[in-house]
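Enquirer: what follows is a predicted structure for the sequence shown.
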Amino acid sequence: MSLHTQSSPASGSKHRGYLARLTVISTLGGLLFGYDTGVISGALLYMQDSLSMSPVEEATVVSALLFPGAAVGALSGGRLADKLGRRGTLLVCALLFLVGAIGCAIAPTVSFMVVARVILGLGVGAAAVTCPLYLAEMAPANLRGRMVTINELMIVTGQMLAFAINALLDAVIHNTEVWRIMLGVASIPAIALLIGMLVLPESPRWFALRDRFEDSRRILDLSRSPEEAAFEYKEIVESANTARNERSSAWRDLKNNPWMRRLLWVGIGLAAAQQATGINTVNYYAPTILERSGLGVSASLVATIAVGVTSVLMTILGIWLLGFIGRRRMLVIGFSGVVASQALLAVVFTLPQSDIVSYTILAAMMLFVAFVQCFIGTCVWLLLSEIFPIAIRGFAMGIAVFALWTVNAAISFLFPILVVTLGSTGTFTLFVLVNIVSLIFVAKFVPETKGQSLEELEVHFRTGALPIIVPPTASGEKAAAL
């Protein structure tokens with residue numbers, strides 16, 4: 001049994017306080033990720049008239065943040081995380097968030113807005129790669145699950161804030177230009193992230209890869225007891241030496257190591273499966289869907305807050321469940337629930353239009369969101385931060401998140417077109433079939449990582465010895481190995 005599961009490396013209140021501050025500051029990137037992807041749902045209702053957008057321009061404004069923005073940001077962010085460090089990359093992200101938010105708020109034309117959304121997307125994509133990596137490498141093994149999934153909580157909190165602020169501004173500012181304030185609010189957390197990251201340290205594992213072992217040990221001492229810091233430092237040094245002996249370039253590493261390629265394909269599959277749930281059709285188009293089902297603009301914006309609240313509450317529940325349930329089992333439950341809830345949505349859309357049907361659609365959307373955020377959202381980002389070896393971690397994470405944003409952009413762009421072509425029932429039936437495939441993929445290929453340090457996981461993956469099913473823990477340890 002690993003030392004990591006026997007005692008808490010952050011048992012002292014000083015260490016826990018330090019880790020809490022580090023988590024809150026670094027996950028402001030996740031908050032911005034959520035706000036910038038969620039705010040467009042309400043802003044679109046006003047931008048359509050203010051900027052005289054056609055349906056194609058509307059889809060372009062939504063998807064520009066995702067592709068090329070976030071997709072390219074993920075690729076470059078992964079490489080930057082390896083070159084500049086996790087902390088340095090998050091500083092770059094903060095600047096991109098700030099410039100992009102201001103650009104969106106002052107956009108005079110659709111073309112200007114698209115460029116600003118691309119800049120925002122670069123920050124979103126790079127932060128989506130770097131925040132989980134930074135947290136996974138800074139966290140003690142027994143707190144890694146909780147710390148990394150706080151980033152997912154911040155993402156959905158950002159989305160909920162976007163929905164709430166949209167509804168509030170709609171209620172108090174009766175002006176067609178209110179969308180500019182909706183988009184400009186994102187500059188506030190961007191400034192906080194920029195200032196906060198200036199006082200946080202670099203990852204000890206990134207230092208170790210560059211032979212800066214004294215810095216690595218110094219960072220570990222900030223959040224571990226002396227005994228735990230010494231034990232983890234030894235693991236990190238051994239892993240860094242192995243990685244440095246093998247390391248040439250990330251592409252060559254992948255070519256020469258079949259086990260790395262398998263992990264990369266699993267990561268790409270996980271990333272694609274998360275987006276193939278269709279979760280962002282709700283995040284981006286919920287007010288539009290509800291308005292078309294018969295609710296007014298203001299009622300649709302207020303109703304969408306319920307989706308955001310559901311996301312936050314179910315993410316909190318998911319973080320708690322990770323202390324008791326393995327990653328794979330969480331995903332299997334999640335995809336099973338997604339299939340059932342989307343089948344329900346497909347049926348409800350066949351009913352005649354009425355207020356009752358509109359709120360039934362909202363309830364079905366909330367059920368769908370609950371399964372995604374509780375069981376899938378909490379696990380996918382965590383697994384992506386855990387499964388890749390240190391030699392290619394930033395690069396591989398970038399590739400996987402590139403796939404995530406590419407699928408996200410494709411679905412977000414195609415969703416309005418599919419609804420027109422297939423109808424709402426046909427569209428959600430298609431999602432049901434896609435998510436059945438995702439369920440099969442998870443059950444067959446995704447490994448269990450619960451309760452292992454990053455270095456232990458790498459050894460297991462290298463030798464093929466990692467069990468698929470997480471072993472039961474003793475009663476006193478059941479929640480210790482998040």
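Expert: Nice, I can see it. Numbering: from 1, shown residues only.

Enquirer: ok, residues contacting the helix-or-strand element of the chain with minimal mean pLDDT?
Expert: Every helix and strand in the chain was compared by mean pLDDT, DSSP states H and E; the lowest is helix 279-292, with a mean of 72. Residues from elsewhere that reach helix 279-292 (Cβ atoms under 8 Å, 6 or more residues apart in numbering): 37-38, 40-42, 44-45, 62, 159, 297, 299-301, 303-304, 307, 358, 361-362, 365, 368-369, 372-373, 377, 408, 411-412, 415-416, 424. Every residue, glycine included, has its C-beta placed from N, CA and C.

Enquirer: same thing with stretch 350-369?
Expert: Taking contacts as Cβ under 8 Å, 6+ apart, the residues outside stretch 350-369 that touch it are 279, 282, 286, 289-290, 293-295, 303, 306-307, 310-311, 314, 337-338, 341-342, 344-345, 348-349, 425.

Enquirer: one more pass at 7 Å, please.
Expert: 279, 282, 286, 290, 293-295, 303, 306-307, 310-311, 338, 341-342, 344-345, 348, 425 (Cβ atoms under 7 Å, 6 or more residues apart in numbering).

Enquirer: give the contact list for the residue lying closest to A167 once chain neighbours are set aside.
Expert: Of all residues not flanking A167 in the chain, L301 sits nearest, at 4.3 Å (Cβ to Cβ, 6 or more residues apart in numbering). L301 sits next to 42, 166-167, 170, 287 when contact means Cβ under 7 Å, 6+ apart.

Enquirer: what about N256, distance to G269?
Expert: N256 sits 22 Å away from G269, going by Cβ to Cβ, to the nearest Å.

Enquirer: number of residues surrounding L153?
Expert: Residues near L153, counting by other Cβ atoms under 10 Å, number 23.

Enquirer: nearest residue to it in space, please, no chain neighbours.
Expert: Distance criterion Cβ to Cβ, 6+ apart; nearest residue to L153, sequence neighbours excluded, is T315 at 4.7 Å.

Enquirer: and if you look at M160?
Expert: In space, and not counting its chain neighbours, M160 is closest to G308: 3.0 Å by Cβ to Cβ, 6+ apart.

Enquirer: ok, L404 - contacts?
Expert: 271-272, 274-275.

Enquirer: redo the contacts of L301 as JSON lines? Include secondary structure, neighbour count and distance to R86.
Expert: JSON lines is the format used below for the contacts of L301 (DSSP: H, G, I helix; E, B strand; the rest coil; neighbours: other Cβ atoms under 10 Å; distance: Cβ to Cβ, whole Å):
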{"residue": "G42", "secondary structure": "helix", "neighbour count": "28", "distance to R86": "33"}
{"residue": "N166", "secondary structure": "helix", "neighbour count": "30", "distance to R86": "32"}
{"residue": "A167", "secondary structure": "helix", "neighbour count": "21", "distance to R86": "35"}
{"residue": "D170", "secondary structure": "helix", "neighbour count": "20", "distance to R86": "38"}
{"residue": "P287", "secondary structure": "helix", "neighbour count": "26", "distance to R86": "35"}
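
Enquirer: pick out the lowest-pLDDT one from the residues you listed.
Expert: Scanning these for pLDDT, the low point is P287. It has 70.

Enquirer: tell me what angle the helix or strand where F431 lies forms with helix 279-292.
Expert: Secondary structure from DSSP states H and E places F431 in helix 393-445. Between the axes of helix 393-445 and helix 279-292, defined by axes from the mean of the first three to the mean of the last three Cα atoms, to 10 degrees, the angle is 80 degrees.

Enquirer: next one: helix 393-445 to chain centre, how far?
Expert: Here helix 393-445 is found 15 Å from its chain centre; the criterion is Cα atoms, centre = their mean, to the nearest Å.

Enquirer: so for it, mean pLDDT?
Expert: Helix 393-445 carries an average pLDDT of 87.

Enquirer: after it, next one along is what?
Expert: helix 454-463.

Enquirer: identify all contacting residues around that next one.
Expert: For helix 454-463, using Cβ under 7 Å, 6+ apart, the contacting residues are 2, 136, 235-236, 239, 259, 263, 386, 389-390, 449, 452, 466.

Enquirer: out of those, list just those in helices.
Expert: The helices, defined by DSSP state H, take in 136, 235-236, 239, 259, 263, 386 from these.

Enquirer: check which residues of the least confident helix or strand of the chain are buried.
Expert: Buried residues in helix 279-292, counted by 16 or more other Cβ atoms under 10 Å: 279-291.

Enquirer: ok, I25 to L90 distance?
Expert: From I25 over to L90 (counting by Cβ to Cβ), the distance is 9 Å.

Enquirer: which of those two has more residues huddled nearby?
Expert: In terms of neighbours (other Cβ under 10 Å), L90 is the more surrounded of I25 and L90; the figures are 29 against 18.

Enquirer: correct me if wrong: the more buried one contacts S26.
Expert: Yes: because the distance of 6.4 Å satisfies Cβ atoms under 7 Å, L90 is recorded as touching S26.

Enquirer: which neighbours do those two share?
Expert: Counting by Cβ under 7 Å, 6+ apart, the shared contacts of L90 and S26 are Y134.

Enquirer: where does A192 fall, secondary structure wise?
Expert: helix 187-197.

Enquirer: could you export whichever helix or strand comes after that helix as CSV, CA atoms only?
Expert: For helix 187-197, the following helix or strand on the C-terminal side (DSSP H and E) is helix 204-209. What follows is helix 204-209, C-alpha atoms only, in CSV (Å, rounded to 0.1, in the frame of the first residue of the first chain):
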residue,chain,number,x,y,z
PRO,A,204,7.7,20.8,-8.4
ARG,A,205,7.5,18.2,-11.1
TRP,A,206,8.2,20.8,-13.8
PHE,A,207,11.2,22.0,-11.8
ALA,A,208,12.5,18.4,-11.5
LEU,A,209,12.3,17.8,-15.2
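
Enquirer: for helix 204-209, what is the distance to the chain centroid?
Expert: Chain-centre distance of helix 204-209: 24 Å, with Cα atoms, centre = their mean.

Enquirer: enumerate every residue touching the residue nearest to M160.
Expert: 159-160, 163-164.

Enquirer: where does pLDDT dip in the stretch 251-400 of the chain?
Expert: For the stretch 251-400 of the chain, residues meeting the criterion pLDDT under 70 lie at 283-284, 292-294, 296-297.
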